[in-house]
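K.L.:
make a model of this:
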Amino acid sequence: MKKTVFLFTILSIFLLSCSKNSSPKITTNEKKIEKRVDSPVFEDRYFTISTEIPKSIKSGEKLSFKIDTKARGGHHINVDFPISLSFDDGCFDFGNKKFKKTDSKTTETGIIFELNGVCSQIGSQKVSGVLNFGHCTDEICATEKLPFNFNVIVE
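P.N.:
Numbering: from 1, shown residues only. Model prediction:
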């Protein structure tokens, strides 16, 4: 009985000392990196976004805008999450300012929005807005709210 109490005491002291000295320090003051889509290809470890938008168009001509999101890194697009693409105020008229999942081709492997807009103002014009979607593994899910920004010359 004395040996059992002695071993239990030694084991308890050992476990307490290990837990006090080896617990990792957790910090929550990491800088959040703002993700912004402003180039033809945006890469993240869980998804890629490729865009097709011309550098210039003629006044009154339709601007074809395509944004293609593909899951990667063991993730899939969560088709049950809200999916949307919204445009900021600007010269281009896409028929709406906000588009939903029903306006896209959405599967668990990707999301494609293909839209056409018209602008009659000559000069450098901005096409900007936000893409919202969710991606998951079997264990975790994350939502993305990604601003995008492109300039188009209207001649």
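K.L.:
helices of this structure, residue ranges please.
P.N.:
Here the chain has its helices, by DSSP state H, at 2-22.
K.L.:
would you map the strands across it?
P.N.:
Under the criterion DSSP state E, the chain contains strands at 41-43, 47-52, 56-57, 62-71, 76-77, 84-87, 98-100, 105-106, 110-118, 123-136, 141-154.
K.L.:
what is L146 paired to in the beta sheet?
P.N.:
Judged by DSSP bridges, the bridge partners of L146 are L131.
K.L.:
what's near enough to touch it?
P.N.:
By C-beta atoms under 8 Å, 6 or more residues apart in numbering, L146 lies in contact with K35, R36, V37, F42, I49, V130, L131, N132. Using the backbone N, CA and C atoms, a C-beta is placed for each residue, glycine as well.
K.L.:
give me that answer again for 7 Å
P.N.:
Contact analysis of L146 by C-beta atoms under 7 Å, 6 or more residues apart in numbering lists K35, V37, V130, L131.
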